[in-house]
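Asks: The following block contains a protein sequence and its predicted model.
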Amino acid sequence: MIDGGDLLVPKQKFAVVALVGAPNSGKSTLINRIVGAKLSIVSPKVQTTRNRILGVFLKGPVQLVFVDTPGLFQPKKRLQRAMVESAWSSAWDADQVVFLLDSSVGITDSTRSIMEEFVRKARPVTIALNKTDLVHPTRLLGDADFFSSTKMCSEIFMISALTGDGTQDLVDSLILKAKDGPWHYPENQLTDLPLRYLAEEITREVLFLQLQQELPYSCMVETNSWRTLGDKSVRISQTICVERESHKLIVVGRNGDRIKSISKTARKQIEKLLEAKIHLFVSVKIDKGWGDRKDYFQSLGLKYDV
């Protein structure tokens, strides 16, 4: 405790917590649940998160900075390699690591290889068996036994990031492990991500949710212009980049109906984010090489040559 005159002020505590796991293990849903805000997009598609998403959580004198990382998998393309490198780098740099497992999938070869890497690096991890609302309890016990048998498993929690079950126990444990140290972010800051990036991610999420299996993973959203008007409303122009003419036709839809629906839904969500009236204009273009553009990697904070 710090003596602040008549008041005793608790010492600040701080920790960076990396959330890692295979694609679609629930990392983005968990960070949104903990922070209490939509920071990371969620969709049925794998590899939706492409860069590290930072969310700030406060409780009393403790500040936890959660890092939602891209899913860990065997990469093939340049962008995929950069995403996986970013995930591992976040894990090694963090004060604490939470490894999420999709309990509805269970233990896989990928699970074993990830844990082997933590053992090789002698890095203790907290295990979160996620999506427990979809699995019979006896199945969970088997998964827990697997992790208990590994050397680097510090604690195991059974949670559902979607419903919130068990998440408070997980957070309370992370709080107890935080070390004395100053906060890195102001009390009212939830993330370090710029608003235009969050707006792009909203449009990308709507795109994935509306089209799902119709549209391949290979697409991105970029902002062309962002202007605050005299009435405090915001005019935003975005472009969806796809790799093929057939993909463009899918996004546009018959008579432009699909792109209008995507724009309308995204606009409503961006208005909630910015708490302002939004004029959103979304276009589609073919950019076959967007996944190898150096400026795109830089915008995501990813390494280009990995």
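Replies: Arrived safely, thanks for sending.
Asks: where along the protein do the helices fall?
Replies: With DSSP state H as the criterion, the chain has helices at 27-35, 78-93, 109-120, 137-148, 167-177, 195-211, 245-252, 257-274, 294-300.
Asks: Alpha carbons of the first one, as CSV, please.
Replies: Same thing as helix 27-35. What follows is helix 27-35, C-alpha atoms only, in CSV (Å, rounded to 0.1, in the frame of the first residue of the first chain):
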residue,chain,number,x,y,z
LYS,A,27,-9.8,-16.8,-28.1
SER,A,28,-11.7,-13.9,-29.7
THR,A,29,-14.9,-14.7,-27.9
LEU,A,30,-13.1,-14.9,-24.6
ILE,A,31,-11.3,-11.5,-24.9
ASN,A,32,-14.6,-9.9,-25.9
ARG,A,33,-16.2,-11.5,-22.9
ILE,A,34,-13.5,-10.4,-20.4
VAL,A,35,-13.1,-6.9,-21.6
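Asks: other SSEs contacting that helix?
Replies: Counting contacts by 3 or more Cβ pairs under 8 Å, 6 or more residues apart in numbering; DSSP states H and E, helix 27-35 packs against strand 13-21, strand 53-59, strand 62-68, helix 167-177. (C-beta placed from N, C-alpha, C; glycine too.)
Asks: residues touching the nearest residue to Val135 once chain neighbours are set aside, list them.
Replies: With sequence-adjacent residues excluded and distances taken as Cβ to Cβ, 6 or more residues apart in numbering, Val135 is closest to Ser103, at 4.4 Å. Shown in contact with Ser103 (Cβ atoms under 8 Å, 6 or more residues apart in numbering): Leu129, Asn130, Lys131, Thr132, Leu134, Val135, Arg139, Leu140, Asp143, Met158.
Asks: For Ser103, report the pLDDT, please.
Replies: With respect to pLDDT, Ser103 scores 94.
Asks: likewise Asp231?
Replies: Asp231 is assigned 95 on the pLDDT scale.
Asks: Ok, Thr167 next?
Replies: Listed pLDDT for Thr167 reads 97.
Asks: burial measure for it, as a count.
Replies: 20 (other Cβ atoms under 10 Å).
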